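> model this:
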Amino acid sequence: MPLDSATRDRIQNLLASHRVVLFMKGDRQQPMCGFSAAAAAALDDVLDEYHTVDVLGDPEIREGIKVFGNWPTIPQLYVDGELVGGSDIVRQMYASGELHTLFGVAAPDRTPPVITLTDKAAEAIREGLDQGTGMVLHLSISADHQARFQLAPADANDIVTEANGIEIHLDPGSAQRARGITIDWVETMQGAGLSLRFPDATETA
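A predicted model of the protein is given here:
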C-alpha cells in the first residue's frame, strides 16, 4: 500500500531527531517480542542511549515503516536516517563487531571465557546434543544475568569455549559475563534443568 504523506513526515521527523532509532514491539525496558528483545539487547551492549519507537501503540507507524524502508518485519534499526536492517542483521553485526565499528566503539574482547561445567550438567548436555544433529550449545547471558541455553547451529562469529569436553558458543557480551561461571544440573520441586552460578554467588536456573 502507498505511504500517506502525514505518516512519512512523522517517520522522517523521528529519523531527523535521533541518530539511532529502533522501531520495535514494546520498548527498551520491556520488549514485547523475542526479535525486538534480541535487537535491543545487542544495542544495549554497544550504546548507552538510542531512541525506540513502540509500533504496537501506533498502527500507522507500524505499517508505515514497513513501506518506508521496504522492509516487511519489525524490529527495524535506522542509523543516520538509513535502514540498517532487522533483528537477524543487528545480531550478526553485533557478533562480528560490525555494530561496534558503526558506532565508533572499541571492538569487543573475543577471549573465550573460562567456564566450569559439572559432570552432571555435561552428561545432560551430551544427551541433548545427541538428539540434535549438527547442533551446538549456545549460552546467552543478559545484562541482568538472566541465562538462556539453546541448541542451534554454530555461527562463524560465535566466541567458543570448551568445558568438560563440550563446546559452548557465546556472543561477545555473554562471553564477558560468563567469565568464571559454573554450570550445574539441578533437580528441584519445579523440575530439572541447567543452573548457572556466577563468581559473586548470583545463581540463575
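> Please read off the pLDDT at the residue nearest the centre of the chain from the model.
When the chain is reduced to its mean C-alpha position, the nearest residue by Cα atoms, centre = their mean turns out to be Ala38, at 3.4 Å. At Ala38, the model reports a pLDDT of 93.
> doesn't Ser87 make contact with it?
Yes: using Cβ atoms under 8 Å, Ala38 is in contact with Ser87, at 5.1 Å. (C-beta placed from N, C-alpha, C; glycine too.)
> Walk me through the domains of this structure.
Per automatic domain parsing, the structural domains of the chain span 5-102, 116-204.
> These: which one's closest to Pro108?
Among the domains of the chain, the nearest to Pro108 by Cβ to Cβ is domain 116-204 (3.5 Å).
> so for the closest one, what's the average pLDDT?
88.
> what about Thr161, neighbour count?
Counted with other Cβ atoms under 10 Å, residues neighbouring Thr161 total 20.
> Could you look up the SS state of it?
Three-state secondary structure (criterion: DSSP: H, G, I helix; E, B strand; the rest coil) places Thr161 in strand.
> Spit out the contact partners of it.
Contacts for Thr161 (Cβ atoms under 8 Å, 6 or more residues apart in numbering) come out as Pro112, Pro113, Val114, Ile115, Glu167, Ile168, Leu170, Ala175, Ala178.
> mind listing what's buried in the helix or strand that contains Ala6?
Taking DSSP states H and E as the definition, Ala6 sits inside helix 5-17. For helix 5-17, burial by neighbour count (16 or more other Cβ atoms under 10 Å) applies to Thr7, Arg10, Ile11, Leu14, Leu15.
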